[in-house]
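Chemist: sequence first, then the predicted structure:
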Amino acid sequence: GKRYEARFGLYACDGTARGRPKPIAYGLKFLRDYADVTEPSGTLVIQEAPLSIGAGYVYRNKNALIVGQKEYTSEALSFKADQPANVMLAWGPGGIRALSTADASVTLDPSALGPFGLGVEGKHGGVSKHGKHLVIEMLEGEALTIK
């Protein structure tokens with residue numbers, strides 16, 4: 001039935017002709033935009049994780065950090081989500097683009113990624129500043145720009 005079929009595709013059946021985008025639709029758009037301006041490169045590390053598939057991942061490149069996990073901690077990025085999330089950061093001259101595929105509490109040190117400040121543009125659930133760190137309540141599928 002519908003519960004079984006809900007696990008497939010990029011859009012959830014909601015009674016409309018198009019459907020409602022699932023969180024992965026926003027993640028794929030973010031990744032597509034990143035791939036359009038970046039040569040294939042970087043490292044991908046698959047890690048054992050307490051997720052339904054048993055694994056999470058960390059992708060790093062000179063201009064990106066993308067993590068699939070419920071919790072993660074590094075110098076530049078830490079986050080915690082109630083469900084598995086893809087927290088995606090990509091940066092360049094226009095700032096840091098950030099997206100999470102699930103609601104997540106994210107701590108970010110923009111200065112660890114480049115000459116970026118603490119300004120946050122886009123829809124979120126709240127932002128606080130702690131020294132050089134931002135604590136952002138990121139909302140599922142809402143892209144942010146940090147400058």
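Modeler: Structure received. Numbering: from 1, shown residues only.

Chemist: partners of Asn86 in the sheet?
Modeler: Gly68 (DSSP bridges).

Chemist: what of the one 5 residues further on?
Modeler: According to DSSP bridges, the residues that bridge with Trp91 are Ile96.

Chemist: what segments of this protein are helices?
Modeler: 2-5, 23-36 (DSSP state H).

Chemist: select, out of those, the one closest to His133.
Modeler: helix 23-36 (22.5 Å; CB to CB). Backbone N, C-alpha and C define where each C-beta goes, glycine included.

Chemist: tell me the buried residues in that closest one?
Modeler: Buried residues in helix 23-36, counted by 16 or more other CB atoms under 10 Å: Pro23, Ala25, Tyr26, Gly27, Phe30, Leu31, Tyr34.

Chemist: burial count for the nearest residue to Gly95 once chain neighbours are set aside?
Modeler: Among residues not flanking Gly95 along the chain, Lys147 sits closest, at 4.0 Å (CB to CB, 6 or more residues apart in numbering). By the criterion of other CB atoms under 10 Å, Lys147 has 12 neighbours.

Chemist: wait, Lys147 sits on Gly114?
Modeler: No - using CB atoms under 8 Å, Lys147 is not in contact with Gly114; the gap is 10.8 Å.

Chemist: who touches both of those two?
Modeler: Ile96 (CB atoms under 8 Å, 6 or more residues apart in numbering).

Chemist: so where's the protein uncertain?
Modeler: 1-7 (pLDDT under 70).
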